[in-house]
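Chemist: Sequence and predicted structure below; questions after.
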Amino acid sequence: MSDLFATAGLDAAAPRPLADRLRPATLPEVVGQEHLTGPDGALTRLLRSHTLGSLVFWGPPGTGKTTVARLLANETDLYFEQISAIFSGVPDLRKVFEAARRRRATGQGTLLFVDEIHRFNRAQLDAFLPVMEDGTVTLVGATTENPSFELNAALLSRARVLLFRALDEGAIAKLIARAEDLTGQALPLTEEARGVLVRMADGDGRAALTLCEEVWRSAGPAETFDAEALQRIVQRRAPIYDKAQEGHYNLISALHKTVRGSDPDAALYYLCRMLDGGEDRLFIARRLVRMAVEDIGLADPQALVITTAAKDAFDFLGSPEGELALAQATIYLACAPKSNAVYSAYKAATRAAKDNGSLPPPRTILNAPTKLMKRMGYGEGYRYDHDEPDAFSGQDYWPEKLGRQHFYAPTDRGMEIRYTERLAHWERLRRERRGQD
């Protein structure tokens, strides 16, 4: 074997990445996924029942999805075949399926592991269905995106989705301890710096081990790094945040709900998470405007002014100074009185408009630009409100077949308190004026 490596110009003992050297050999060695691989874990139970079936592993990077797939193949005596959806097309799939059929004819099953399976389009995903149904392959797909959004229903109905969790600090610490045992050297970090490194990994075991390697490479003899030195050496790992996928929707949802829940500190935290992740600033500005009209409304009409001004300020200042305007608007919205009365009224009025068809307004309030229309009674009896006492006529503006409706119900919060009083005053006048008619 050494001659083969020498011929190829390779060294059989060439250094391997720490993550590869520490790859678990059995399911119980996998850290951070005890709900799947522990004594009572979902995968452990499946192996006991000898009914593995097709699976979809859903979870963030560096949580052991590929490793667990390999271990499952070992545990079930299946041939392990791995492909990546990024580099494979339908012709590649046909070759894989044909090889699996040949193995099946000799009594050897195939566990087909598809990394980044969400990258396949619908037609490519449909190609898996026949070989899953006839048992040609046991499919194990891995995805970092929500399968409900990214995989078609036909495939999901034939596979069980298992959730892989981001590694907690305890699991990351266990990985680091294993790395120290394997290398025979302690990480040259203070306790504080060690904790910072764990947090830098952001739940990704592979990232944690890569950071460890960078630390060992950088450390001189008898050198120990504190937290500040650690951050200088390894820089900062970019947050896990895909602006086009679930992380995008999760964080904007968190921002919206914390504003609605009047928690300015939490709202500012999620805003900064999005900014730090590179989110489109104008997308955030548009969502802030939506919050102003949906969750605050007329309880504080200034909210809409503030948010549109924040958008304009960002356009004017650019980044990074313009982000401060978005932060100011976020805090203002979180601290403002809340009301969805306008939002609810709009939805109710929309339903009424759709459900009742094209009802004509009363002729009293219609213009009569022609003599014919005047003879037909258009505009007859209309009372000009500015000429009435209190600038209020109290006349009926509703289609006769629909009758008077009530959509807007102001709250007792913020400016809407005044609207409640004003509407009640007009309703009293309306009854009085109609009593006089």
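Modeler: Good, I have the coordinates. Keep in mind that this is a model prediction, so the values were computed, not measured.

Chemist: Would you list the phi and psi of residue 338?
Modeler: The phi/psi pair for residue 338 (degrees, to the nearest 10) reads phi -110, psi 140.

Chemist: For the stretch 1-150 of the chain, just list every one of the helices.
Modeler: 2-7, 18-21, 34-37, 42-49, 65-76, 90-105, 122-126, 128-133, 147-150 (DSSP state H, counting those that start in this stretch).

Chemist: Dump these into JSON lines; add mean neighbour count as well.
Modeler: Just so you know, the C-beta spots here come from the backbone N, C-alpha and C atoms, and that holds for glycine as well. Shown next, in JSON lines, are the helices of the stretch 1-150 of the chain (neighbours: other CB atoms under 10 Å):
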{"stretch": "helix 2-7", "mean neighbour count": "10"}
{"stretch": "helix 18-21", "mean neighbour count": "16"}
{"stretch": "helix 34-37", "mean neighbour count": "18"}
{"stretch": "helix 42-49", "mean neighbour count": "15"}
{"stretch": "helix 65-76", "mean neighbour count": "19"}
{"stretch": "helix 90-105", "mean neighbour count": "14"}
{"stretch": "helix 122-126", "mean neighbour count": "14"}
{"stretch": "helix 128-133", "mean neighbour count": "17"}
{"stretch": "helix 147-150", "mean neighbour count": "15"}
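
Chemist: Looking at those, which is nearest to residue 325?
Modeler: In terms of CB to CB, the element of those nearest to residue 325 is helix 147-150, at 32.2 Å.

Chemist: How about residues contacting the next helix-or-strand element following that closest one?
Modeler: Counting by DSSP states H and E, the next helix or strand C-terminal to helix 147-150 is helix 153-156. Residues external to helix 153-156 that are found in contact with it (CB atoms under 8 Å, 6 or more residues apart in numbering): 56, 125, 126, 128, 129, 132, 147, 148.

Chemist: give me that answer again for 10 Å
Modeler: With contact meaning CB atoms under 10 Å, 6 or more residues apart in numbering, helix 153-156 is reached by 54, 56, 117, 120, 122, 125-126, 128-129, 132, 139, 141, 147-148, 150.

Chemist: Kindly report the same for stretch 337-357.
Modeler: Around stretch 337-357, the neighbours that count as contacts under CB under 10 Å, 6+ apart are 259-262, 290-291, 293-301, 303, 359, 399, 401-402, 405-417, 419-420.

Chemist: Tell me the buried residues in it?
Modeler: For stretch 337-357, the buried set under the neighbour-count rule, 16 or more other CB atoms under 10 Å, comprises 337, 338, 339, 340, 341, 342, 345, 346.

Chemist: Check those residues against residue 197 and report the nearest one.
Modeler: Closest to residue 197, out of all of the buried residues of stretch 337-357 and judged by CB to CB, is residue 338, at 41.2 Å.

Chemist: mind checking pLDDT for the closest one?
Modeler: Per-residue confidence for residue 338 comes out at a pLDDT of 96.

Chemist: What distance do you get for it to residue 295?
Modeler: From residue 338 over to residue 295 the distance is 6 Å, taken as CB to CB, to the nearest Å.

Chemist: what residue ranges in this structure score low on pLDDT?
Modeler: 1-14, 236-247, 435-437 (pLDDT under 70).

Chemist: buried ones in the longest helix anywhere in it?
Modeler: If you go by DSSP state H, the chain has its longest helix at helix 416-436. Residues 416, 419, 429, 430, 433 are the ones in helix 416-436 that count as buried (16+ other CB under 10 Å).

Chemist: Over to stretch 295-314?
Modeler: The neighbour-count check on stretch 295-314 (16+ other CB under 10 Å) flags 295-300, 303-304, 306-307, 310-311, 313-314 as buried.

Chemist: From the chain's centroid, how far away is stretch 178-190?
Modeler: 36 Å (CA atoms, centre = their mean, to the nearest Å).

Chemist: Quick check: residue 223 touching residue 187?
Modeler: No - with contact taken as CB atoms under 10 Å, residue 223 and residue 187 are classed as non-touching, separated by 11.5 Å.

Chemist: neighbour count winner among the two?
Modeler: Regarding residue 223 and residue 187, a neighbour count based on other CB atoms under 10 Å identifies residue 187 as having more, with 21 against 9.

Chemist: so the more buried one makes contact with residue 181?
Modeler: No - contact criterion CB under 10 Å: residue 187 and residue 181 do not qualify, at 11.8 Å.

Chemist: which residues sit in contact with residue 406?
Modeler: 345, 348, 423, 427.
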